[in-house]
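Participant: I need the structure of the sequence given here:
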Amino acid sequence: MRQLLTSFLIALSILIGGCASFFAPWFPPKQKEAQEEWKSEHTWLGQEQSESAKIESTKLHTLLAGEYYSRGQYKVAIEEANIALSGNPSYAPTYNVLGLVYMKLKDDKLAQQNFERSLDIVPNDPETHNNFGWFLCQRRPKQMDQAIKHFEIALEDPLYSTPEMANTNAGTCELSRGNYRSAEEYFQKALMLKPKYSPALIGLTKIHYSSGNLAAAKLNLARYMHTSTPTAESLWLGVKIERKAGNRQSAASYASQLKKRFPDSKEAIALSKGEF
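Facilitator: Modelled structure (predicted):
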């Protein structure tokens, strides 16, 4: 919350600073004609300032919408996004945020509409292509090829700041439909960009486990555990890998951590039912 408030105050100070940077000079009462002439000549300054403030306000409320989305406060995120769009209905990042929010709310129709609207405005935006690709992968399995195309478009942008994410998302989607070779290539590309990127390490671990390469699966899981905080998913993978390898003690250790740290997780429930 402190970070959100700080971001808000910084952005607000920019807006206030902009508004305060323009002062009209004072004219004596007898110089009314000069005053009117000055106003006429400088009207464009006020209009320019107003447009600038409107742009900054749209950016501010979009940033706030994104912050609230990341905190799971989806209702407030929508409210902030709507405020942003009231000032500029053609600001693509706002629609991107709304797409993510509605995806979380499982309103797939609105999610898709907002991602598509964002791309209508800025067709090559890598962030939106990555997010829309992930949406199609998760919610439109029959459009998986289209999802991969969106990831590829994002990766073509040399200025895209998180290509490891798009590569990992593409790998995860390929893995979900059994394309292990393609999935591994995407995960390896992600790790070349960011060697400790945990989602890619987990992806590789799943591939190697599924293909029976337990040594490689253990190696990648160890790399993950060395650099990342264990999750229910990673601990469950550890249980299954060690159990399949016949290492009862190691499997029991992973199982104990899973039950202790994530007792209500779907993985812990599967463990209790013996669904290996």
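Participant: Low-confidence stretches in the stretch 101-250 of the chain?
Facilitator: The model of the stretch 101-250 of the chain has no residue with pLDDT under 70.
Participant: Need the residue closest to the centroid of the protein.
Facilitator: For the chain, the residue nearest the mean C-alpha position is residue 131 (7.0 Å; C-alpha atoms, centre = their mean).
Participant: Return the set of buried residues in the helix or strand hosting that residue.
Facilitator: In the assignment (DSSP states H and E), residue 131 maps to helix 126-139. Buried residues in helix 126-139, counting neighbours by 16 or more other C-beta atoms under 10 Å, are found at 126-137. Using the backbone N, CA and C atoms, a C-beta is placed for each residue, glycine as well.
Participant: Equivalent analysis for stretch 90-109, please.
Facilitator: Per 16+ other C-beta under 10 Å, stretch 90-109 contains these buried residues: 91-103.
Participant: just stretch 117-128 next, same as before
Facilitator: Neighbour count says stretch 117-128 has 117-119, 121-122, 125-128 buried, by 16+ other C-beta under 10 Å.
Participant: Residue 220 - how many residues pack around it?
Facilitator: 25 (other C-beta atoms under 10 Å).
Participant: how far does the host helix or strand of it sit from the chain's center?
Facilitator: Using DSSP H and E, residue 220 sits in helix 214-227. Relative to the centre of its chain, helix 214-227 is centred 26 Å away, using C-alpha atoms, centre = their mean, to the nearest Å.
Participant: tell me what it is packed against?
Facilitator: Secondary-structure packing of helix 214-227 (3 or more C-beta pairs under 8 Å, 6 or more residues apart in numbering; DSSP states H and E): helix 198-210, helix 232-244.
Participant: Quick check: buried residues in it?
Facilitator: Across helix 214-227, burial judged by 16+ other C-beta under 10 Å covers 214, 217-218, 220-221, 223-225.
Participant: Show me which of those residues is closest to residue 173.
Facilitator: Set against residue 173, the nearest of these by C-beta to C-beta is residue 220 (19.1 Å).
Participant: How much space separates the closest residue to residue 72 other than its chain neighbours from residue 200?
Facilitator: With C-beta to C-beta, 6 or more residues apart in numbering as the criterion, residue 72 has its nearest non-adjacent residue at 7.9 Å, and that residue is residue 104. Remark: distance between residue 104 and residue 200 (C-beta to C-beta, to the nearest Å) = 23 Å.
Participant: what do you get for residue 163?
Facilitator: 11 Å.
Participant: shared neighbours, the two?
Facilitator: Jointly contacting residue 163 and residue 200 under the rule C-beta atoms under 8 Å, 6 or more residues apart in numbering are residue 190.
Participant: just checking, the residue nearest to the centre of the chain touches residue 101?
Facilitator: No - at 11.0 Å, residue 131 does not count as touching residue 101 under the criterion of C-beta atoms under 8 Å.
Participant: before we move on, what SS does residue 274 have?
Facilitator: coil (DSSP: H, G, I helix; E, B strand; the rest coil).
Participant: Near it, how many other residues are there?
Facilitator: 6.
Participant: Give me the pLDDT value at it.
Facilitator: According to the prediction, residue 274 has pLDDT 88.
Participant: measure it to residue 265 for me?
Facilitator: Taken as C-beta to C-beta, the span from residue 274 to residue 265 is 16 Å.
Participant: and the angle from the helix holding residue 220 to helix 198-210?
Facilitator: Put simply, helix 214-227 runs at 160 degrees to helix 198-210, going by axes from the mean of the first three to the mean of the last three C-alpha atoms, to 10 degrees.
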